[in-house]
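Provided below for reference: sequence and predicted model.
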Amino acid sequence: MGIEKNNGLISKIVESKSKKDAVILVHNYQRGEVQDIADFVGDSLRLSQEAARLSCRMVVFCGVKFMAESAKILSPEKTVLLPKEEAGCPMADMVTVEELRELKNRYPDAKVVCYVNTNADVKAECDVCCTSSNAVKVIQNIDADKIIFVPDKNLANYVARFTHKEIIPWDGYCYVHERIRPEDIKKIKELHPDGVIIVHPECRSEVIDLADEVLSTGGMVKFAKKSNAQKIIIGTEEGLIYRLKKENPDKTFYTAGPAKMCRNMKITTLEDVYLALERGRYKIEIEEDIQKRAKRALDRMLEYV
Ligand code: 13P
Ligand code: SF4
């Protein structure tokens, strides 16, 4: 899209946003031009905290559905819009309420921790929610020795490193992070032995074993800023590199192997954001009972951070 067309759209978005009393929240994996029009860019935790704190009437959430749902759960009185209705998270869809209830019946004395990457009805079945930046804290603080963890088996295995509690992982995973292989890390490290390796906890255990730091996307942003390293190797979805380069023009960032892209994180365009504002689409609606129960799980998480 031409710069002029973009500039025209940006002015229209700014105008529409103030008319509608809207705030635009954007996840770190979104397209660069969408990150550039954000009021807040961040990881799942930061964005859910902003959603809870904001006093606007409308939130336009550029990310995937579970993120927009979390904003609606925390602020049911606001209109929350997801500009692309089909932007889902395949990992979130790997666990259903019925399947989770079955597992809960098998382990009646276990508490249930759900990764924020779950659909609202699944969150409503859980005791506490967590994100990649606070999963370890949540597991350490929860009052239970047996914990069912859904849906990411990689994050479950990662948190298990920090506790003696029994973790019962669900068999879900993120197809983007699963594609990062230990060979990718070894190869890029050979080319840049002075590069620091930071990876997301959704990566497989063998990848995590090779990392210098394991961080949420927001943790990676902070790390890149404060680290003295000139070369940083990134093990996560490639969208984050746009922000890292913009905020650290003096440092060099490398992807671990060929860049890995989350399709659903890239389908929202500036035009979609504008149409979302103008047409009020696509509204997130959550049944009241589910919203209330899911909010308990999210509120408990926010108490731990
Ligand atoms: P963060 O909370 O680290 O931004 O992760 C969200 C996500 O979907 C990772 O794939
Ligand atoms: Fe879901 Fe993975 Fe995409 Fe994150 S990167 S939204 S976990 S599919």
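Sure, I can see it. Ligands and ions are numbered 1, 2, ... in the order given.

what about the residue in the stretch 51-200 of the chain that ligand 1 sits nearest to, neighbour count?
Minimum separation of the stretch 51-200 of the chain from ligand 1 (CB to the nearest ligand atom) falls at Ser132, amounting to 4.0 Å. Any C-beta I mention is one placed from the backbone N, CA and C, and that applies to glycine too. Using other CB atoms under 10 Å, Ser132 has 25 other residues around it.

a helix runs through it, doesn't it?
No - read with DSSP: H, G, I helix; E, B strand; the rest coil, Ser132 is coil and lies in no helix.

For the residue nearest to Arg31 when sequence neighbours are not counted, which residues are in contact?
Once flanking residues are discounted, Arg31 sits nearest to Lys266: 5.9 Å by CB to CB, 6 or more residues apart in numbering. If you count contacts by CB atoms under 8 Å, 6 or more residues apart in numbering, Lys266 has them with 29-31, 239.

Reformat those residues as JSON lines; add pLDDT.
Below are the contacts of Lys266 laid out as JSON lines (pLDDT from 0 to 100):
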{"residue": "Tyr29", "pLDDT": "98"}
{"residue": "Gln30", "pLDDT": "98"}
{"residue": "Arg31", "pLDDT": "98"}
{"residue": "Gly239", "pLDDT": "97"}
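
who wins for most neighbours among the residues you listed?
Tallying neighbours with other CB under 10 Å puts Gln30 at the head of the contacts of Lys266, with 29 neighbours.

ok, now how distant is the residue nearest to Arg31 from ligand 1?
Distance, Lys266 to ligand 1, by CB to the nearest ligand atom, to the nearest Å: 13 Å.

Now the phi/psi pair for that residue, please.
Main-chain dihedrals, Lys266, degrees, to the nearest 10: phi -110, psi 0.

cool, Lys17 as well?
Torsion angles at Lys17 (phi, psi; degrees, to the nearest 10) stand at phi -60, psi -40.

buried ones in the helix or strand of the chain with the lowest mean pLDDT?
Least confident element among the helices and strands of the chain, by mean pLDDT, DSSP states H and E: helix 44-53 (a mean of 89). Going by neighbour count (16 or more other CB atoms under 10 Å), the buried part of helix 44-53 is 44-52.

so can I have a markdown table of those showing distance to Lys295?
Formatted as a markdown table, those follow (distance: CB to CB, whole Å):
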| residue | distance to Lys295 |
| --- | --- |
| Ser44 | 16 |
| Leu45 | 16 |
| Arg46 | 18 |
| Leu47 | 16 |
| Ser48 | 11 |
| Gln49 | 14 |
| Glu50 | 16 |
| Ala51 | 12 |
| Ala52 | 10 |
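
rewinding a little: anything in the least confident helix or strand of the chain near ligand 2?
No - using CB under 6 Å from any ligand atom, we find that helix 44-53 stays clear of ligand 2, coming within 8.7 Å at best.

do stretch 168-188 as well
Yes - Stretch 168-188 reaches ligand 2 (CB under 6 Å from any ligand atom) through 174-176.

So which of those residues wins on neighbours?
Ranking these using other CB under 10 Å puts Cys174 first, with 26 neighbours.

Does that residue touch Asn154 like I think?
Yes - in this structure, Cys174 is within contact of Asn154 by CB atoms under 8 Å, at 7.5 Å.

Beta-bridge partners for Thr79, please?
Taking DSSP bridges as the rule, Thr79 bridges to Met58.

In contact with it, which residues are there?
Thr79 is in contact with 57-59, 280, 283, counting by CB under 8 Å, 6+ apart.

Within range of ligand 1, give me the residues from the stretch 201-305 of the chain.
Residues of the stretch 201-305 of the chain lying near ligand 1 (CB under 6 Å from any ligand atom): 202, 216-217.

One more pass at 5 Å, please.
Within reach of ligand 1 by CB under 5 Å from any ligand atom, the stretch 201-305 of the chain has these residues: 216-217.

Can you name the residues of the stretch 201-305 of the chain that neighbour ligand 2?
Within reach of ligand 2 by CB under 5 Å from any ligand atom, the stretch 201-305 of the chain has these residues: 237, 262.

where does the stretch 201-305 of the chain have low pLDDT?
Scanning the stretch 201-305 of the chain for pLDDT under 70 picks out no residues.

in the helix or strand Arg300 falls within, what counts as buried?
Element membership of Arg300 [criterion: DSSP states H and E] is helix 288-304. Within helix 288-304, the residues that count as buried by 16+ other CB under 10 Å are 290-291, 293-298, 300-301.
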